[in-house]
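>>> need a 3D model of the sequence below.
(one chain, ligands or ions: 1)
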Amino acid sequence: MSDAMASKKELQMEELVSLCVRRGFIFQSSEIYGGINGFWDYGPLGVELKNNLKSAWWNRVVRQRDDVEGLDSSIVAHPRTWEASGHVAHFTDPMVDCKKCKRRFRADQLPSGSCPASSKGDSDRNCDFTIPRNFNLMLQTQIGASEDAAAAAYLRPETCQSIFTDFRRVKEVARQKIPFGIAQIGKAFRNEINPRNFNFRSREFEQAELEFFVRIEEREEWFAYWLEERLKFHRSLGFKESNLRTRPHAEDELAHYAKAAADVEFLFPFGWQEIEGVHDRGTWDLDRHTEFSGKDLSITDEATKERFVPSVIETSVGIDRTTLALLANGYEDELLANGESRVVMHIAPHLAPYTAAVLPLSKKVAEPAERVVEKLRRNWNVFFDVSGNIGRRYRRQDEIGTPYCLTYDFDSQEDEKITIRDRDTMEQERVPIDSISMVLNDRLSTDLT
Ligand code: ATP
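I've put the predicted structure just below:
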């Protein structure tokens, strides 16, 4: 990365949000109706980035291992699931209303005695709060035509519960033995009292979760293993060391069933915040689902033939939060040696929305350049842009994180070469057109750590 990085000014959230909206990474859902608080849409670039992140997770956690199986369960589960998991009784946040400014807050996030700044900037006046009430964060829905209470169901507040309820079937069909895990990526919903910080805290979001089933006596070593493995994953996404840390939970922060927990945190422009949780959940979930369903979820120890309930190590990462972290981590307003500046998004090449952009120098060479694009598109997402000044076209790609620009010029037809420009160093190299796929493959694999 360039020297300019050292003197880089601190990224403000407004700059990042503005780029995300302007270039179509992430913007408000239902924009034409004035938006809906806590819901976000991912535009053409955002969906590519998010899909690449999900593939990186799935490849590493499921496909590259023999001891993890995948699952894609329904969002709506039997309502008893949420009684067993404790969500109906306990998944609450303390909520207060301010009688003066009529706004609603999470009591545990308030500076004492005053309201936080509103979007209009009227902050720090003394407020008149109601007594905190517990507010359940699950979003309710109705199943079927009946409106009676028996038809009430919930949109899942986390993806892991079906992993527990499907545990026995997945173990059987996949012929797995302990230790092994089940992983899934999917939507979760929480009726957050105060959605905020762009898509960091939203009401609809995606989680990528792994529940790893182990013998109770091996829980500590597996907890340490998964925490380290998850850190390695985050490093492979290109997060700077100075932006990443783990924070073990103090005894009084642990859920009542948890034996140990640690958060992986990222340094956002609004401070250190959790992007992933690693939890030792013990046998709590399988015990509870056994109790509430009446189905035995214990398994037989092959050696001793004794029955036992496996213990669970969970890793749970937010896809939306990590996507935002990737954008914050990558953003640079770089001052160049010639006094000009450029906004460049240093996203790891394997995650970038476009792997390459093919840019014919003029419309006159558009046709042969299109043939290059067609070939590359068999493997990668490739952008094709014919119009405008070449410098401006480079800048538009820098800003959205395209790692390689391929320029087809007037000599290309003669010497059958194309210029490849690197986003980060801006260095250019002339390479034979028929080796472009190999060159991209090489560069992508050296960037993948
Ligand atoms: P927080 O304390 O920030 O509310 P949490 O501890 O409740 O988070 P978990 O239940 O452990 O979060 O969920 C695991 C992951 O799911 C989190 O690390 C986060 O990345 C993601 N996540 C949780 N709630 C939200 C949300 N409202 N919006 C976006 N992502 C979320």
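
>>> near the ligand at all, stretch 39-58?
No - under the criterion of CB under 6 Å from any ligand atom, stretch 39-58 makes no contact with the ligand; the nearest approach is 9.5 Å. All C-beta atoms are positioned from the backbone trio N, CA, C, and that covers glycine.

>>> and that stretch, which residues are buried?
40, 42, 45-46, 48-50, 52-54, 56-58 (16 or more other CB atoms under 10 Å).

>>> stretch 435-449 too?
Using 16+ other CB under 10 Å as the burial criterion, the residues of stretch 435-449 that qualify are Ile436, Val439, Leu440, Arg443, Leu444.

>>> and if you look at stretch 176-189?
Gln176, Ile178, Pro179, Phe180, Gly181, Ile182, Ala183, Gln184, Ile185, Gly186, Ala188, Phe189.

>>> quick one: low-confidence parts of the stretch 101-250 of the chain?
By pLDDT under 70, the weakly predicted segments of the stretch 101-250 of the chain are 111-125, 147, 149.

>>> would you tell me which residues of it are close to the ligand?
Looking at the ligand, the residues of the stretch 101-250 of the chain close enough under CB under 6 Å from any ligand atom are Glu158, Arg190, Glu192, Arg201, Ser202, Phe205, Gln207.

>>> run a quick neighbour tally on the third one.
In other words, Glu192. By other CB atoms under 10 Å, 18 other residues sit near Glu192.

>>> so it makes contact with Phe200?
No - when contacts are counted by CB atoms under 8 Å, Glu192 is not listed as touching Phe200 (10.4 Å).

>>> touching, Arg281 and Tyr257? I think so.
Yes - Arg281 sits in contact with Tyr257 when judged by CB under 8 Å, with a separation of 6.1 Å.

>>> the closest residue to the ligand within the stretch 201-350 of the chain bridge partners, please.
The stretch 201-350 of the chain approaches the ligand most closely through Gly318 (2.1 Å), counting by CB to the nearest ligand atom. Partner residues in beta bridges with Gly318: Gln207, with DSSP bridges as the criterion.

>>> can you check the pLDDT for it?
Looking at Gly318, its pLDDT stands at 98.

>>> run a quick neighbour tally on it.
Counted by other CB under 10 Å, the residues lying close to Gly318 total 23.

>>> contacting residues for it?
Residues near Gly318 by CB atoms under 8 Å, 6 or more residues apart in numbering: Phe205, Glu206, Gln207, Ile275, Glu276.

>>> what's the answer for Thr304, then?
Taking CB under 8 Å, 6+ apart as the test, Thr304 contacts no residue whatsoever.

>>> and it, that's in a helix?
No - counting by DSSP: H, G, I helix; E, B strand; the rest coil, one finds Thr304 to be coil, located in no helix.

>>> relative to Pro248, how far out is Glu265?
11 Å (CB to CB, to the nearest Å).

>>> so between those two, which is more surrounded?
When Glu265 is set against Pro248 and neighbours are counted by other CB under 10 Å, the residue ahead is Glu265, at 18 against 12.

>>> is it true that the more buried one touches His249?
No - here Glu265 lies out of contact with His249, judged by CB under 8 Å, at a distance of 11.7 Å.

>>> just say helix, strand or coil for Asp93.
Here Asp93 takes the strand state, with states given by three-state DSSP.

>>> mind listing the strands for the stretch 101-250 of the chain?
For the stretch 101-250 of the chain, the strands identified by DSSP state E, counting those that start in this stretch occupy 104-106, 133-136, 139-142, 152-155, 180-189, 204-214, 244-248, in order along the chain.

>>> specify the angle between the fifth one and strand 204-214 in degrees.
The one in question is strand 180-189. Put simply, strand 180-189 runs at 160 degrees to strand 204-214, going by axes from the mean of the first three to the mean of the last three CA atoms, to 10 degrees.

>>> what strands line up against strand 180-189, and which way round?
Partners of strand 180-189, by DSSP bridges, with direction: strand 68-70 (parallel), strand 204-214 (antiparallel).

>>> for the last one, output the C-alpha coordinates as CSV.
Listed in CSV are the C-alpha atoms of strand 204-214, where the atom choice follows Å, rounded to 0.1, in the frame of the first residue of the first chain:
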residue,chain,number,x,y,z
GLU,A,204,-33.1,-7.9,8.9
PHE,A,205,-29.6,-9.3,8.4
GLU,A,206,-27.6,-12.4,7.4
GLN,A,207,-25.7,-14.6,9.7
ALA,A,208,-23.1,-17.4,8.8
GLU,A,209,-23.2,-19.8,11.7
LEU,A,210,-21.3,-23.0,12.6
GLU,A,211,-22.4,-25.3,15.5
PHE,A,212,-19.5,-27.7,16.2
PHE,A,213,-20.4,-30.7,18.3
VAL,A,214,-17.7,-32.1,20.6
